[in-house]
Structures are given as C-alpha cells and as structure tokens.
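Trainee: one predicted model, sequence on top.
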Amino acid sequence: MFVDELRQLINKSPLDAQALINEDYIKNEYIKRLNNALTPSLKPVVNATGVIVHTNLGRSLLPEAILNYMTQIGSRYSNLEFDLSKGIRGSRYSHVEEIVCEITGAESALVVNNNASSVLLVLSALARGKEVIVSRGELVEIGGSFRIPDVMRQSGAVLREVGATNRTHFRDYEEAICDNTAMLLKVHQSNFKVIGFTKGVDIRSLRELADKNGLYLFEDLGSGSFIDFSRYGLSYEPTVQDSIKYAHVISFSGDKLLGGPQAGIIIGKKDIIDRLKRHPLNRALRIDKFTICALEAILDIYRDEEQAIRQIPTLRMITEPQEITKKRAQRLKRRLERLSIDNLKLSFGIITTIARIGGGALPAQPIPSYGIRVCLMPDSQYNAHDIEEGLRSYSTPIIVRIEDEGIILDARTVLEADIPLIVDAFNTLKKRL
Ligand SMILES: *Cc1c(COP(=O)(O)O)cnc(C)c1O
C-alpha cells in the first residue's frame, strides 16, 4: 500500500516526489506505519480533565480487584446459563438480580445492554401504541444522540408533552390523561439544570395520579446512585432506593454514578419486570458475560458503603477530600519541576479547580478540586495547543484542558500510577517539540 502511494505521488507530481522521497523518508515512514499497525487501537489514557465519568474516555474505571474474577470467568467455561443445583438450563440474569433487589429494595430486576436499551425496552413493552405523558422540561438529549422523543418513536409509544420548559404542574399531567394513556414518565434532567422560575411535580404525587388512573409510573433516573452523596458534602439527589418507593419501574446506567460496567439496570414490580423479560427485544438487548461478571463483583462491593467508597474509583474520586487531591497535585508539581526541560519555557503552579462528575450526573454539582496550571513563558516558541497536542501524542496519551492559554491538569481524575507517566510525557515533549 505504501509503495502504491509512492507510485501515485510520482505519477501525479514528479517534482514533489523527487523532493520528498529518499531513503531516509521511506525508512522512517515505513517504521512509523509498522508501529501504528502493531499497536492496538484501544489504549489507556491519563484523564487529567477533572471530568470523572467522562463518556469519551470510557466513563467508569473498574476496580483492579475485580479483574481477577473477570479473567477467571472469561477464560473458562462457567455456569452463565446453567443451574448447578438442578443440572438444567438457568438464567444469566440470576447472577445479579438478587443482589440488585437486596441493595435497592425492589421486588424484581433485569439487566440489559445500557440505559438507552432500558428505556427502549420499557416503553416498547408497556406503552406501544399508547400515550406516555412527559414534562416538556424533561425531554432531554444525552450526548451520542439519545433523545427521549426519538426513543419514544422507536418504541411505538406516543409522546404526550405537558407543561412548559421551566414549569410543569400537577394539573398538566392530570388534564393530559385520556383513555389511551399508558404511562407517566419522569426523566432525570441529567446534563442540564433549569434554574430560576421553575416547577416540577414530585414523584410521590405522580405515583398517586398513576395509581388512581391505572397507569404505569416509569422513572428514567439516568445515573442512578445507591449512595446519598449529601453525606459527603455534595448536594442531595434522590437515590435509587428512594425513587423505587414511588415509581413502578426505574431504569439507570451501570457505568455512571454506579461506577461499574456499561449496563442498563431496570428494577420494579415483579409483574412488570416479568413482562419485560418476556418481550422479544430483551433478547436483542441482552448483556454479555463479562458485563454480568463485572456487575456482580461491583454490586458485591456495595454491600458495605464504606468499602464501596474506597474501592470503586468513580465513588472514590467524587468523595475524595480536597486536601488529598491537593497533595497529589503538589507531588506531581514537584516531580515536574525537577525535570530539565528549560527549553520548553514552562512554569507550573498549583491552582484550585472545579471538577465535574460528568456523564449526565448531578449536573450542577461542582466538585472543588486542585490541579496544576502549566504556563508558557512569554519567550516560549510554543503555545498551549502545541503542549496539549504533544501530551496527547505520548504513548499513554495525557488528556488535559486548555484555559486562557494555559494547560490545566486536574488532579482529581489523575491516578497515583499516572504521575510517572505525566512526568515522562513532559520529558518526551522536550525532545520532540
Ligand atoms: C445517560 C442517560 C441515558 C443513557 O444511558 P446509557 O447507559 O448511556 O445508555 C438515558 N437517560 C438518561 C436520563 C441518562 O442520563
């Protein structure tokens, strides 16, 4: 292929080809392409953005302790769908259902590929050809083109919007109910917040209205947390355990605030979950054994909240005291200052930053954090974009953000093991730039 490209160039513009092509060029280009072909496309990166559940960077990190279990199950045959006590076919969901119910207090549970699948399945199974009432303020679009109205259309349910963007009243829901209504849907606003003159209807009143009219009440919680983060100094968000007291059925992601693998978890009344399990879409949306394995291990950690906060990286990053983040930033800064990279003309300073949970969780929730600001001295021949690009091209790419012509590395999402990598990345910059 490389040879073809060279031939084409020679045919098209012989003069350019003559200037460009020599033995060194061919050798270097060949080595570069060979290296590219031999390195896997997917690689670890250092997340120095301060966005904890960063969808582009893989959302939640799995605790290393569970990888052993995943290796064991993945490299051997397992009882994935085999009932060992009876010696007959079993259910792959049985490995996680019970513990989901134990943690959340739900009657029954089902796990699918992701939360977008959950919403599609619930709407298809319970509201096909019928109306679903949603507040206009909750018709959200999540990144990656997941929009509630579009999913609704896919499922065959008919969207009935009520209220205004900023305010929806109880009577708006009440007046929209007709013979063809099947469901009231509440969607977590996830990645935005309407502030000012606002009003929504609480889930408890919606449950009363649903029961009075024989409707389903479905809540798409988005992130869905088992932990009340207000205990750790963040603002209160309803937990899954709180919401399930009112909604008939709830869905949430496995890899957002839960800190586990990509999955959609659906919990609720047993008769509803049984209907979802029998629906043909369920087979198309089913999760694979690695997910079940990782999810089982993560859920097991949740049996003890303190342990969950310590061991699940997403939870640890969200709740880490600011002083500890600051110390990590200081350690990194000291190591960077010890490098001999004078030619880059950089200076390093500790700054306070605002980290974010991301992934459409606690949208208005800033997390006070610390980071390093890398400034370029006025006589530097480089700019912030050169440095950003250089760090991004390192063998373990370092992803940072640029603010006011400076580079910010937020220490909240930097792991201890990332520190030597960041230091080496700056050292490599010195040679390359
Ligand atoms: C994130 C989110 C989804 C989609 O979940 P995935 O697990 O990414 O498929 C759906 N609804 C809401 C409200 C969300 O925040």
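Mentor: Right, received. Where do you want to start?

Trainee: give me the contact list for the strand or helix carrying residue 219.
Mentor: Assigned by DSSP states H and E, residue 219 belongs to strand 216-222. The contact list for strand 216-222 (C-beta atoms under 8 Å, 6 or more residues apart in numbering) reads 115, 118-119, 122-123, 126-127, 142, 148, 182-188, 190, 203, 206-207, 210, 238, 240, 243, 246-253, 256, 272, 360-361. All C-beta spots, glycine's among them, are computed from the backbone N, C-alpha and C.

Trainee: just the ones of those in strands?
Mentor: Counted as lying in strands by DSSP state E, out of the contacts of strand 216-222, are 142, 182, 183, 184, 185, 186, 187, 249, 250, 251, 252, 253.

Trainee: these two touch, right, the last one and residue 259?
Mentor: No. Between residue 253 and residue 259 there is no contact, the gap being 10.3 Å when judged by C-beta atoms under 8 Å.

Trainee: if we can go back for a sec, between the ones in strands among the contacts of strand 216-222, which sits nearest residue 214?
Mentor: residue 182 (9.4 Å; C-beta to C-beta).

Trainee: report how many residues lie close to that closest one.
Mentor: For residue 182, the neighbour count with other C-beta atoms under 10 Å is 20.

Trainee: that one contacts residue 157, correct?
Mentor: Yes. Residue 182 lies in contact with residue 157 (C-beta under 8 Å); the separation is 7.3 Å.

Trainee: identify the contacts common to those two.
Mentor: Here residue 182 and residue 157 have 127, 130, 131, 132 as joint contacts, going by C-beta under 8 Å, 6+ apart.

Trainee: and of the residues you listed, the nearest to the ligand?
Mentor: residue 132 (14.4 Å; C-beta to the nearest ligand atom).

Trainee: and the closest one, which of the three is it?
Mentor: Assigned by DSSP: H, G, I helix; E, B strand; the rest coil, the conformation of residue 132 is strand.

Trainee: beta partners of it?
Mentor: Note on residue 132: beta-bridge partners residue 159, residue 183, judged by DSSP bridges.

Trainee: quick check, residue 78 in contact with residue 292.
Mentor: No. In this structure, residue 78 is not within contact of residue 292 by C-beta under 8 Å, at 9.5 Å.

Trainee: more neighbours: which of these two?
Mentor: The neighbour comparison of residue 78 against residue 292 (other C-beta under 10 Å) goes to residue 292, with 22 against 15.

Trainee: not counting residues beside it along the chain, what's closest to that one?
Mentor: Nearest residue to residue 292, sequence neighbours excluded (C-beta to C-beta, 6 or more residues apart in numbering): residue 95, at 5.5 Å.

Trainee: and the one you found, that's in a strand?
Mentor: No. With three-state DSSP as the criterion, residue 95 is helix rather than part of a strand.

Trainee: contacting residues around it?
Mentor: Counted by C-beta under 8 Å, 6+ apart, residue 95 has contacts 80, 292, 296.

Trainee: just the ones of those residues in helices?
Mentor: Taking DSSP state H, the ones among these that sit in helices are 292, 296.

Trainee: ok so, going back, can I get the strand holding residue 219 as PDB, trimmed to CA atoms?
Mentor: Only the C-alpha atoms of strand 216-222 are listed here, as PDB (Å, rounded to 0.1, in the frame of the first residue of the first chain):
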ATOM      1  CA  TYR A 216     -47.600   2.900  34.900                       C
ATOM      2  CA  LEU A 217     -45.100   5.300  36.500                       C
ATOM      3  CA  PHE A 218     -41.700   4.900  35.000                       C
ATOM      4  CA  GLU A 219     -38.700   6.900  36.000                       C
ATOM      5  CA  ASP A 220     -35.500   7.100  33.900                       C
ATOM      6  CA  LEU A 221     -33.000   8.100  36.600                       C
ATOM      7  CA  GLY A 222     -30.100   8.300  34.200                       C
END
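
Trainee: other SSEs contacting the strand or helix carrying residue 281?
Mentor: For residue 281, the host element (DSSP H and E) is helix 280-284. Under the contact criterion of 3 or more C-beta pairs under 8 Å, 6 or more residues apart in numbering; DSSP states H and E, helix 280-284 touches helix 115-127.

Trainee: rerun at 10 Å
Mentor: strand 108-112, helix 115-127, helix 270-278 (3 or more C-beta pairs under 10 Å, 6 or more residues apart in numbering; DSSP states H and E).

Trainee: distance from the last one to the middle of the chain?
Mentor: What that stands for is helix 270-278. 27 Å (C-alpha atoms, centre = their mean, to the nearest Å).

Trainee: counting contacts, what elements does it pack onto?
Mentor: helix 94-104, strand 108-112, helix 115-127, strand 249-253, strand 264-268, helix 280-284.

Trainee: sorry, back to before: of the contacts of residue 95, closest to residue 173?
Mentor: Nearest to residue 173 among those, counting by C-beta to C-beta, is residue 292 at 37.2 Å.

Trainee: chain neighbours aside, what residue packs nearest to the closest residue to the ligand within the stretch 151-300 of the chain?
Mentor: In the stretch 151-300 of the chain, no residue comes nearer to the ligand than residue 222, which is 2.6 Å away by C-beta to the nearest ligand atom. Distance criterion C-beta to C-beta, 6+ apart; nearest residue to residue 222, sequence neighbours excluded, is residue 188 at 3.9 Å.

Trainee: so the one you found touches residue 200, yeah?
Mentor: No. Using C-beta atoms under 10 Å, residue 188 is not in contact with residue 200; the gap is 11.0 Å.

Trainee: burial count for residue 232?
Mentor: Look at residue 232: counted by other C-beta under 10 Å, it has 13 neighbours.

Trainee: repeat for the one 4 residues further on
Mentor: Counted by other C-beta under 10 Å, the residues lying close to residue 236 total 11.

Trainee: related to what we said a few turns ago, so for the residue nearest to residue 292, what's the pLDDT?
Mentor: pLDDT, residue 95: 94.

Trainee: try residue 174
Mentor: Residue 174 is given a pLDDT of 94.

Trainee: pretty sure it is touching residue 162, no?
Mentor: Yes. Between residue 174 and residue 162 there is a contact under C-beta under 10 Å: 9.3 Å.

Trainee: what sits in contact with each of the two?
Mentor: Taking C-beta atoms under 10 Å, 6 or more residues apart in numbering as the criterion, residue 174 and residue 162 both touch 133, 201.

Trainee: what is the neighbour count of residue 428?
Mentor: 16.

Trainee: got the contact list for it?
Mentor: Contacts of residue 428 (C-beta under 10 Å, 6+ apart): 341, 390, 391, 393, 394, 395.

Trainee: I am finished for the moment; much appreciated.
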